[in-house]
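Student: structure of the sequence below:
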Amino acid sequence: MVPWPIDQHLNPSSGWRFSKSGGDVHYFGQLTTLNECIYRSMDRSRYVMLNDIDEIIMPYQHNDLMSLMNSLQQQQPNTGVFKIENHIFPKIHFEPSGRFHLPQWNGVPGINILEHVYREDPNKSIHHPYKMIVQPRMVEQTSVHEVLKAFGQQYKVPLDVCRIIHVRVALQGGLTLEQLNVDKRLWDFSNQLIPNVDRELKRAGLLSSEGQS
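Tutor: Next comes the predicted model:
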């Protein structure tokens, strides 16, 4: 984690539209931090993920991201930018069995992502943004959802290979439960995820050892 105390030097905008939010630097300096990350990583990282912390880039045919990227790179050897489609899992819909409603997390703020298994199909009639995995040495300039200048090709990764799991407010609030897709891919990693989260919650003082089941 790299500190970004830009507010001590400039007035960062709190919104993406300058006409409404003003400021000295766009949207908390998001574009600056993305590009700085790419350049800082050029000599030490083979890949950089450009996504939000609550967006999980999830492989659907591989057990981990390195296996996914090794496969994609072999299939797309001249590609420097891999675009991953974002899929929304509305936080208002809960998996009915309660299998992962874990009592030790009851007092923890936030969302238990394991409880949300219903996925929206993106509305293809409007612009649908991607997030990216890039080879930093092949990128000259990036924006949030698109690389602006790059060496090599860009590739949209097929949905059955990889997609983003993003539990949040629904984008299409009018959809019924029957119109959503059941997607339990995250459950395949529950045996690793739960103890790791428990450990970090305890380190953060949000979980007592007595509260663990």
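
Student: show me what contacts the residue positioned nearest the centre of the chain?
Tutor: A centroid search over the chain (CA atoms, centre = their mean) returns residue 55, at 2.0 Å, as the residue closest to the centre. Contacts for residue 55 were tallied using CB atoms under 8 Å, 6 or more residues apart in numbering; they are 86, 131, 164, 165, 166. Where you see a C-beta, it was placed from the backbone N, CA and C, and this is true even at glycine.

Student: make it 7 Å
Tutor: Residues near residue 55 by CB atoms under 7 Å, 6 or more residues apart in numbering: 86, 131, 164, 166.

Student: where does the last one sit: helix, strand or coil?
Tutor: So the one you mean is residue 166. Secondary structure for residue 166, judged by DSSP: H, G, I helix; E, B strand; the rest coil, is strand.

Student: so how far is residue 97 from the residue nearest to it when sequence neighbours are not counted?
Tutor: Using CB to CB, 6 or more residues apart in numbering and skipping residues adjacent in sequence, the residue nearest residue 166 is residue 55, 4.9 Å away. Per CB to CB, to the nearest Å, residue 55 is found 26 Å from residue 97.

Student: give me phi/psi at the residue lying closest to residue 154 once chain neighbours are set aside?
Tutor: Distances taken as CB to CB, 6+ apart place residue 81 nearest to residue 154, at 4.1 Å, with adjacent residues excluded. For residue 81, the backbone dihedrals (degrees, to the nearest 10) come out as phi -130, psi 120.

Student: likewise residue 148?
Tutor: Per-residue torsions, residue 148: phi -90, psi -40 (degrees, to the nearest 10).

Student: all further residue positions should be reported with the first residue as 33.
Tutor: New numbering, starting at 33: the last item is residue 180.

Student: sec struct for the residue lying closest to it once chain neighbours are set aside, please.
Tutor: Spatial nearest neighbour of residue 180, excluding adjacent residues (CB to CB, 6+ apart): residue 173 at 4.5 Å. Secondary structure state of residue 173, per three-state DSSP, is strand.

Student: residue 173 bridge partners, please.
Tutor: residue 181 (DSSP bridges).

Student: gap between it and residue 71?
Tutor: 10 Å.

Student: any idea which element residue 105 lies in?
Tutor: Here residue 105, judged by DSSP states H and E, is contained in helix 97-107.

Student: give me the contact list for that helix.
Tutor: 79, 89, 91, 94, 114, 165, 189, 194.

Student: please pick the buried ones from those.
Tutor: Using 16 or more other CB atoms under 10 Å as the burial test, the contacts of helix 97-107 include 89, 91, 94, 114, 165, 189, 194 as buried.
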